[in-house]
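[1] Mind folding the following:
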Amino acid sequence: MVAPPPLANFSRYDHAVVSSLYTEGYASAVITLAYSLKRANVTAPLILLYIPSRISLSTACLVQAAGWTLHPVERIPPPPSRKEVPIGYIDQYTKLHIWTLDTLGIKSLVYLDADTLVRRNFDELFTLPFTFAAVPDVYTFRFELGFNAGMLFIRPNSTIFEDMLSKLAVARYDHGGAEQAFLNVYFAAQVVKLPYSYNANLAIKVRSPKLWQALENEHMHVVHYTLDKPFLVNGHDDVVIERLEDLEPIIKSTKGLRGGMWKDEFGWWETIWREMMVANRDVFAQCSST
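    Okay, here's the model as predicted:
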């Protein structure tokens, strides 16, 4: 457990990149995401939502060393429902706290799930003349009209946050889809759809290899590791890696998933992870002794 740090003052910034960390199993993903953002020269500060009781002192040290400013939030539990929320989505309603970041002076932000990797600068998004934008979702067997909530552009507004909380339990949506299903109902026709290059879901490669190749050739901005994760032990986020170096054999094994289908895409993640480990070796070593 780590005590909540004082809230940072972002009044000199108009924009931010925000992610979230609800389990230590995603710590390696969050710090790799931070390095990919720096490597792409994204200019906005990085804010990480986290649940204080879930994160150790050493992990807090690592993510701060990687460039994140920690922002403690209370967990938002799933609303009562007859349909059980999948275990991997059980904490995802907590993401709604991004709408409260107007209290830090943030006027617009890009939210990225921890299982994303930035490959190209997206500063142009911060000045979009909209209040909410996202990328259409894709499944291995179909394209969707709805959007994927792993990457969002929003203009935070605490009033909207309070309104969403009041409607979580009464809105008609598939509770099994957690916050993504709710947001699709809440914003519905209000959402501005962004190109797939801003949230290149791995499912696209299965659904349309030609589209995936086109996205690669156009230098996709963000790749989203939806179907499989290069940083998880057998796909389980409850397995905590004691040392970052121990991720080495895991990355090697995940590149062989689905007959090596993700060899290139997981290789992108591996390259950033290795560069990050070299660049931050000394400061990460200090965190390990915390």
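[2] which ones are touching Leu202?
    Under the criterion of C-beta atoms under 8 Å, 6 or more residues apart in numbering, the contact list for Leu202 reads 223-228, 262, 265. All C-beta atoms are positioned from the backbone trio N, CA, C, and that covers glycine.
[3] same question, Ala200
    When contacts are taken as C-beta under 8 Å, 6+ apart, Ala200 is in contact with 212, 215, 220-224.
[4] thinking again about what came up before, what about burial for the contacts of Leu202, which qualify?
    Under a neighbour-count criterion of 16 or more other C-beta atoms under 10 Å, the subset of the contacts of Leu202 counted as buried comprises 223-228, 262, 265.
[5] got the residues you listed as CSV, with distance to Pro80, secondary structure and pLDDT columns?
    Listed next are the buried ones among the contacts of Leu202 as CSV, based on distance: C-beta to C-beta, whole Å; DSSP: H, G, I helix; E, B strand; the rest coil; pLDDT from 0 to 100:
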residue, distance to Pro80, secondary structure, pLDDT
Val223, 36, strand, 98
His224, 30, strand, 98
Tyr225, 31, coil, 96
Thr226, 28, coil, 95
Leu227, 30, coil, 92
Asp228, 32, coil, 92
Trp262, 37, coil, 93
Glu265, 38, helix, 95
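[6] just to revisit the earlier point, let's have the contacts of Leu202 in JSON lines, adding distance to Ala66.
    Rendered in JSON lines, the data for the contacts of Leu202 read as follows (distance: C-beta to C-beta, whole Å):
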{"residue": "Val223", "distance to Ala66": "19"}
{"residue": "His224", "distance to Ala66": "19"}
{"residue": "Tyr225", "distance to Ala66": "18"}
{"residue": "Thr226", "distance to Ala66": "22"}
{"residue": "Leu227", "distance to Ala66": "25"}
{"residue": "Asp228", "distance to Ala66": "23"}
{"residue": "Trp262", "distance to Ala66": "24"}
{"residue": "Glu265", "distance to Ala66": "21"}
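[7] Could you pull up the residues touching Pro86?
    Each residue near Pro86 by C-beta under 8 Å, 6+ apart is listed here: 176, 178.
[8] what's the helix or strand for the residue nearest to Asp174 when sequence neighbours are not counted?
    The shortest distance from Asp174 to any non-neighbouring residue, by C-beta to C-beta, 6 or more residues apart in numbering, is to Ala181 (4.6 Å). Assignment of secondary structure by DSSP states H and E places Ala181 within helix 178-187.
[9] do the same with Glu144
    Under the criterion of DSSP H and E, Glu144 resides in strand 142-154.
[10] Okay, buried residues for that strand please.
    Buried-residue list, strand 142-154, by 16+ other C-beta under 10 Å: 146-154.
[11] That one versus helix 178-187: what angle between them?
    With axes from the mean of the first three to the mean of the last three C-alpha atoms, to 10 degrees defining the directions, strand 142-154 sits at 80 degrees from helix 178-187.
[12] Tell me how many other residues surround Val278.
    By the criterion of other C-beta atoms under 10 Å, Val278 has 8 neighbours.
[13] you'd agree it is in a helix?
    Yes - secondary structure assignment places Val278 in a helix (DSSP: H, G, I helix; E, B strand; the rest coil).
[14] what's the pLDDT at it?
    Reading off the confidence values, Val278 has pLDDT 93.
[15] what separates it from Lys205, distance-wise?
    When distance is defined by C-beta to C-beta, to the nearest Å, Val278 is 29 Å away from Lys205.
[16] Ok, Ala285 next?
    For Ala285 relative to Lys205 (C-beta to C-beta), the value is 37 Å.
[17] again, but for Gly256
    According to C-beta to C-beta, Gly256 and Lys205 sit 16 Å apart.
[18] Among these two, which residue is more densely surrounded?
    Summary of the neighbour comparison: Gly256 and Lys205, criterion other C-beta under 10 Å, with Lys205 having more neighbours (22 against 12).
[19] Which residues are in contact with that one?
    Lys205 makes contacts with 212, 261, 265, as judged by C-beta under 8 Å, 6+ apart.
[20] Mind telling me what element it is part of?
    Once you assign secondary structure using DSSP H and E, Lys205 falls within helix 203-207.
[21] How far off centre is that helix?
    Chain-centre distance of helix 203-207: 19 Å, with C-alpha atoms, centre = their mean, to the nearest Å.
[22] Alpha carbons only: can I get the helix or strand just after it in PDB?
    The C-terminal neighbour of helix 203-207 among helices and strands, as given by DSSP H and E, is helix 209-217. Only the C-alpha atoms of helix 209-217 are listed here, as PDB (Å, rounded to 0.1, in the frame of the first residue of the first chain):
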ATOM      1  CA  PRO A 209      -5.300  -8.100 -42.500                       C
ATOM      2  CA  LYS A 210      -5.300  -5.600 -45.400                       C
ATOM      3  CA  LEU A 211      -6.600  -2.800 -43.200                       C
ATOM      4  CA  TRP A 212      -4.000  -3.700 -40.600                       C
ATOM      5  CA  GLN A 213      -1.200  -3.500 -43.200                       C
ATOM      6  CA  ALA A 214      -2.600  -0.100 -44.300                       C
ATOM      7  CA  LEU A 215      -2.500   1.200 -40.800                       C
ATOM      8  CA  GLU A 216       1.100   0.000 -40.400                       C
ATOM      9  CA  ASN A 217       2.100   1.700 -43.600                       C
END
